[in-house]
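Peer 1: Sequence first, predicted model second:
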Amino acid sequence: MAEIKQAGKKIEDANKVAILIHGRGASAESILSLKDYLHLEDYALFAPQAVGGSWYPYSFMAPEKNNEPAFSQAIKTIDDLVKSLYKRGFKSEQIYFIGFSQGACLSLEYAAQNAEKYGGVIAFTGGLIGEQFNPSKYAGDFKGTPVFIGSSKQDMHVPLTRIQESSLLMEKMGAKVKTLIFADSEHTIREEEIEWVNANILN
């Protein structure tokens, strides 16, 4: 069972929950620091910690079998957390996913495999997971869920083509997708991304 760090409002006092998913080599504490920049004052925050700081060992576009069993365990970690929120009485539209890099990929992948009307899905540099793009893996209806993907035009880890494929698929599944693609080659979260997300999803 993954360790889960908590911050923000007490779960008993919150009517919105954000699940923050860290990137490779990072930590639950590091992704929780986004609360200093994002409008998360009214949210209960949950950040699972990946064993060894990585959700799966290889690229998100490596052959699927190479990332097992870690990948399936990562999806289960998120699913267990979401189901625990449902048991507490939260509805899907009160749940938000926020991830960076490997955590952004995992946020998009979990949401697309379990599409519902979520509060929002925020992916700072990420795309759907798999060596080949496989739309048959995904099911459900996002019912207008706002989805944000921000990235560099030539990110070293996430090809622009996979972001475009992911955006199109999620739109077909009923999401309202916004992509912001930047001319730089930095693997980071930019101020413009923070501002857009604050104004349009976390407002």
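Peer 2: Okay, I see it. Numbering: from 1, shown residues only.
Peer 1: Mind giving me the packing neighbours of the strand or helix carrying Leu32?
Peer 2: Leu32 is located in helix 28-32, with elements delineated by DSSP states H and E. Applying 3 or more C-beta pairs under 8 Å, 6 or more residues apart in numbering; DSSP states H and E, one finds that helix 28-32 contacts strand 3-8, strand 16-21, strand 43-49, strand 95-100. Any C-beta I mention is one placed from the backbone N, CA and C, and that applies to glycine too.
Peer 1: How far off centre is that helix?
Peer 2: Averaging C-alpha positions (C-alpha atoms, centre = their mean, to the nearest Å) puts helix 28-32 14 Å from its chain's average.
Peer 1: How about residues contacting it?
Peer 2: For helix 28-32, the surrounding residues in contact (C-beta atoms under 8 Å, 6 or more residues apart in numbering) are 3-5, 7, 20-23, 45, 47-49, 98-100, 103.
Peer 1: Just the buried ones from those?
Peer 2: By the neighbour-count criterion of 16 or more other C-beta atoms under 10 Å, these include these buried positions: 5, 7, 20-23, 45, 47-49, 98-100, 103.
Peer 1: tell me the mean pLDDT for stretch 44-64?
Peer 2: Averaged across stretch 44-64, the pLDDT comes to 96.
Peer 1: Spell out the residue ranges of the helices in this structure.
Peer 2: Secondary structure of the chain by DSSP state H: the helices cover 28-32, 70-87, 102-113, 160-172, 191-200.
Peer 1: and the second one, what other elements does it pack with?
Peer 2: Going back to what we said before, that points to helix 70-87. Taking 3+ C-beta pairs under 8 Å, 6+ apart as the contact cut, helix 70-87 packs with strand 16-21, strand 43-49, helix 102-113.
Peer 1: Report the distance from the shortest one to the chain centre.
Peer 2: Its chain's average C-alpha position is 9 Å from that of strand 16-21, according to C-alpha atoms, centre = their mean.
Peer 1: That one: partners in the sheet, and parallel or antiparallel?
Peer 2: Strand 16-21 has these partner strands in its sheet, going by DSSP bridges: strand 43-49 (parallel), strand 95-100 (parallel).
Peer 1: Any idea which of these gets closest to Phe60?
Peer 2: Distances from Phe60 to each of the strands paired with strand 16-21 were compared using C-beta to C-beta; the shortest belongs to strand 95-100, at 11.5 Å.
Peer 1: what's the angle from that closest one to helix 191-200?
Peer 2: With axes from the mean of the first three to the mean of the last three C-alpha atoms, to 10 degrees as the basis, strand 95-100 and helix 191-200 are set at 180 degrees to each other.
Peer 1: May I have strand 95-100 as PDB, with CA atoms only?
Peer 2: As requested, the backbone C-alpha atoms of strand 95-100 are provided in PDB (Å, rounded to 0.1, in the frame of the first residue of the first chain):
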ATOM      1  CA  ILE A  95     -12.300  15.100  -7.500                       C
ATOM      2  CA  TYR A  96      -9.400  16.700  -9.300                       C
ATOM      3  CA  PHE A  97      -6.200  15.100 -10.600                       C
ATOM      4  CA  ILE A  98      -3.000  17.100 -10.900                       C
ATOM      5  CA  GLY A  99       0.300  15.600 -12.100                       C
ATOM      6  CA  PHE A 100       3.700  16.500 -13.400                       C
END
